[in-house]
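J.: Need the 3D shape of this:
(chains A and B)
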Amino acid sequence: MMEKDMQTAKHSTPLLREGQGGGVAFKYFPHTADDIQQMLDVIGVRSLDELYAEIPEEIKLHRELNLPSEKSEEEVRSIIQGLAAQNKPLTCFAGAGSYDHYTPSVVPFIASRSEFSTSYTPYQAEISQGTLQYIFEYQTLMADLTSMDISNASMYDGTTATAEAMMMCVAAAKKRNRVLISQTIQPAVLAVCKTYARFHGIDLVEVPEKDGLMDKEAACQLIEADDVAGLIVGQPNRYGLIEDFTGMADLCHEHKALLAINTMASALAVLKTPGEWGADIACGDAQSLGIPMGYGGPYIGYLCTKEALVRKMPGRLVGATTDADGRRTFVLTMQAREQHIRREKATSNICTAQGFMCLYVACYLSLMGPKGMHEVNEQSYASAHYLHDELLKTGKFEKVFDAPFLNEFTLRYKGDAKKLRETLAEEGYLLGVPTLYKPDCLTIASTERRTKQEIDNMVDIIKDLKI
Amino acid sequence: MNKTYYSKLIFELSRPGRVGYSLPKNEFEGYSLVQLGATQSRQTKTLLPECDELTVVRHYTNMSNNNFGVDTGFYPLGSCTMKYNPKLNEELCQLPGFNIHPMTPAKYAQGSLKLYDEVQKTLAEIAGLSRFTLNPYAGAHGELTGLMVIRQYHMSRGDVARTKIIVPDSAHGTNPASAAVCGLQIVEVKSLADGTVDVEALKPLLGPDIAGMMMTNPNTLGLFETKIPEIARLVHECGGLMYYDGANLNPMLGVCRPGDMGFDVMHINLHKTFSTPHGGGGPGSGPVGVRKGLEEFLPNPKPLSNSPEGEGLYLRCEESSLGYISFFLGNFGIIIRAYAYLLSLGKENIPMAGKLSVLNANYIKESLRSHYELPIDTVCKHEFVFDGLREEYGGDHHSPEHVTTLDVAKRLLDYGFHAPTIYFPLLFHEALMIEPTETESKETLDDFIAVMKKIAEEAKADPQLLKTAPHDTPVRRMDDVKAVKEPKFTFKAL
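T.: Numbering: from 1, shown residues only, chains lettered A, B, ... in the order given. Okay, here's the model as predicted:
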């Protein structure tokens, strides 16, 4: 009893430590001792702990948290810098959903404006026009890049955006819950879709591959069974190859299924677009639009569709309207579709508006423009093809597939591919990612950031290796 | 923030021939995109704007001036925990050493993996649970992941009949939505008049088909569910697991932990409780924690210590896991920010954050109950709910002319405050949900209280003034109906 009383006494003083003003004296807390006392008086309690009086004592934590003591700014900086220094950044020739593209310095500069970064979801449109405007621009840009009618602004990344596309197919279909997905889609996308499908009760069927591409014949047979809600395909695919979707949209539509194409966003500027293929849904990751690799996040997924499907699309949507003075303004709209209104009837639980990353993308595309996007792809294409050819010239690699590629490709290494990757990492290079189910292969990417010198140096090292 | 209306779109500033980037000369001869055939190439031109750098910088700077953020002013936004976002965190998350490819071998990513592990351990201690995954991208994503953990647990035991989840009627809208996405049926349990879960109404709902129960504690009315030990016992006795929606964790920090309350699985919103910026709605981060015995079900990949290949941390994918729910290890940049915050506060200040947030909430509540209808009169935690204006201030719900919560919210904007959360929870018609957070000073709260009282007086004297508010913002009240009836989602559609 004594002990408990002492603990209560210890907890009940608001003055944990004597600061200069006698308050709690911590840089993120403004309360002085006087403030606390006056506020307690207004409330009519004697201590901060009395504010927790109703909580049963047996579930309270009657001890300090077992954590380190508070740290000064310099100490925090030193600890985190120390951790950053324990990473060894490698010259990046890997992709598989995350690409090392150039980011103009304006992008992080604008994105760090705290009027943007410290704001909430723009529910109060009258004081959130900045956020709403850039989201409207983002929607326009992504709809244009994909050649679709509309884009939402809410996807976390490309994997979850594709899972949302999958659920959208089922929501749009009448009494069908089978969705096809190409085995050649990026492995991370396939893995996440599988998880969502399993829990959401979707019968997700994998369309096999043939020569590194989706087996279109197999896909056709499955679609012709007339029980498929949608087909999800990837472009470029997991080997970096460019797929040919000729005829797929018509076939899908003939059999009342939707076609969803997942495309690496940067490539949309030069590759035949989902809209041009006749897709109903375009989805994917927009990381390649100038977002740092950042060990996997934050990124942003995009999800675009045709006007007819807008009510089936999850996530936030910004629309144009006018204010009481008749001026052009922007608001969050069509909220009846959203989770917080539909609750248990919802077909998506998305609550995020990926604002900060929409700004990143809008700002990047505004700077790059049509010319910049073409040049980024031109240079990525050229450096990847140069690297591809140089690797073949070493005589230690061989081709696996014949289809064309953009900036990512797969080769077979005649030696131990795993060991090669390790050896090159020691030398400061990240040579691709292990190709799933093909342990002797590597899937390798390049971007406009890789110089000829970097490629030549790495290839020289490979030349000197004994297989 | 300024009041100058700026509504240009970047497309309107575009002039053919301008560029806003610079790239080195192409060093690789003999390779060109024209080598791709027409079948593979884009046919239509893009509408991407052509702008010089300054045009882009001015455009977004002008837009930012029409935006309100925590750095601009007070956000009493219930359930959103709009605390100050420390600038040190922003600096540290941009350290070049953290900008590595996700498929970097673990040996070269030890710093990031250690940071991940430190954050998960810290969260586990704060939550009173065993292990956290930081892979989920947002609160709703965390909810979904947590519910998947629960289902995976039951399925691993062959207990496949547990397909229902109990959710209180006062729950955040995401709770039932996440449960539906997870393939669970929702069973709603009613609240008592005091806003807490009706234990007697809960009892008949429990059975062999119940996967678990989702709760937030304190609940969405800001009230601590004092019967939580009994509720947890009942749900556990029927074989279900308890899920804690961490949206309201802030007031509980260091005082009472979800694990000690009896919860088995929870998510934490790093963008609420641990100060990472809301960024206009995202990106967030929604780590999920579990009690001992449930760790194996957490999503892949998992950073674990004691690599079999030597020292340090490594990534493992486990068969028993629920699977992958994200591209990689979640929103790593957000996790770095949260770590900086946790280190800064330490064991002394983490509990203080919660206590001061509760102090601030109760101070506003007691100061404004004279003017606003307080439906539940008790000590609240970090937030509380008014049911609109009091009758004598024009708040009579039965009068068609009454001044609504929306009117009050819009008038607040004129005085330089963000509005509270409105029309949630659904238990009250005119709900006005206020959450201050601990980073707001008494002066700020006093200003807010004075303005709220002034608005109540205005409602009595001149209701039209509120009904047409805001008057002093960059733009006026929006035509929301037009936005739905004449939908325009792109510049092309304008």
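
J.: quick check: domain ranges of the chain?
T.: Chain wasn't specified; assuming chain A. For chain A, the structural domains run A:1-87, A:91-98+A:369-464, A:106-364, going by automatic domain parsing.

J.: you looked at the wrong chain, it should be chain B
T.: Following automatic domain parsing, one finds the domains of chain B at B:1-66, B:88-343, B:351-482.

J.: Would you mind finding the most buried of those domains?
T.: The highest average neighbour count among the domains of chain B, using mean count of other C-beta atoms under 10 Å in any protein chain shown, belongs to domain B:88-343 at a mean of 22. All C-beta atoms are positioned from the backbone trio N, CA, C, and that covers glycine.

J.: Need the distance between the two termini of that one.
T.: Taking C-alpha to C-alpha, to the nearest Å, the first and last residues of domain B:88-343 lie 11 Å apart.

J.: and it, what's its mean pLDDT?
T.: Mean per-residue pLDDT for domain B:88-343: 96.

J.: now stretch A:76-88
T.: 98.

J.: And for stretch A:239-258?
T.: Mean predicted lDDT for stretch A:239-258 stands at 98.

J.: How about stretch A:182-194?
T.: Rounded mean pLDDT across stretch A:182-194 is 98.

J.: just to revisit the earlier point, redo the domains of chain A as TSV? Include mean neighbour count.
T.: Below are the domains of chain A laid out as TSV (neighbours: other C-beta atoms under 10 Å in any protein chain shown):
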stretch	mean neighbour count
domain A:1-87	16
domain A:91-98+A:369-464	20
domain A:106-364	23
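
J.: mind checking how far residue B:71 is from chain A?
T.: 4 Å (C-beta to the nearest C-beta, to the nearest Å).

J.: re the thing from before, which of the domains of chain A sits closest to residue B:474?
T.: Residue B:474 lies closest, by C-beta to C-beta, to one member of the domains of chain A: domain A:106-364, at 5.9 Å.

J.: In this model residue B:2 seems to touch residue B:416, though I could be wrong.
T.: No: taking contacts as C-beta atoms under 8 Å, residue B:416 lies outside contact range of residue B:2: 11.9 Å.

J.: circling back: looking at the domains of chain B, which is closest to residue A:407?
T.: domain B:1-66 (10.4 Å).

J.: what packs against the longest helix anywhere in chain B?
T.: Criterion DSSP state H: the longest helix present in chain B is helix B:332-368. When contacts are defined as 3 or more C-beta pairs under 8 Å, 6 or more residues apart in numbering or on different chains; DSSP states H and E, helix B:332-368 packs onto helix A:33-43, helix A:73-86, helix B:87-92, helix B:110-127, helix B:270-273, strand B:384-387, strand B:431-434, helix B:442-461.

J.: Just list the residues touching residue B:197, thanks.
T.: For residue B:197, the contacting residues are B:168, B:189, B:191, B:215, B:219, B:225, B:227, B:231, by C-beta atoms under 8 Å, 6 or more residues apart in numbering or on different chains.

J.: what's the distance between the closest residue to it other than its chain neighbours and chain A?
T.: Spatial nearest neighbour of residue B:197, excluding adjacent residues (C-beta to C-beta, 6 or more residues apart in numbering or on different chains): residue B:168 at 5.3 Å. Between residue B:168 and chain A the computed distance is 12 Å (C-beta to the nearest C-beta).

J.: Residue A:390: helix or strand, and which one exactly?
T.: Using DSSP states H and E, residue A:390 falls within helix A:355-393.

J.: who does that helix touch, helix- and strand-wise?
T.: helix A:106-111, helix A:114-117, helix A:129-146, strand A:397-399, strand A:408-413, strand A:441-445, helix A:452-464, helix B:53-64.

J.: got the angle between that helix and helix A:129-146?
T.: 30 degrees (axes from the mean of the first three to the mean of the last three C-alpha atoms, to 10 degrees).

J.: Run through the residues that contact residue B:194.
T.: B:223, B:376, B:378.

J.: Same check on residue B:192?
T.: Listed by C-beta under 8 Å, 6+ apart, the contact partners of residue B:192 are residue B:198.

J.: cool, and the one 10 residues further on?
T.: Under the criterion of C-beta under 8 Å, 6+ apart, the neighbours of residue B:202 are B:166, B:189, B:213, B:231, B:234.

J.: and if we set it to 7 Å?
T.: Taking C-beta atoms under 7 Å, 6 or more residues apart in numbering or on different chains, we find residue B:202 in contact with B:166, B:189, B:231, B:234.

J.: Please apply the same query to residue B:228.
T.: Shown in contact with residue B:228 (C-beta under 7 Å, 6+ apart): B:217, B:261, B:262.
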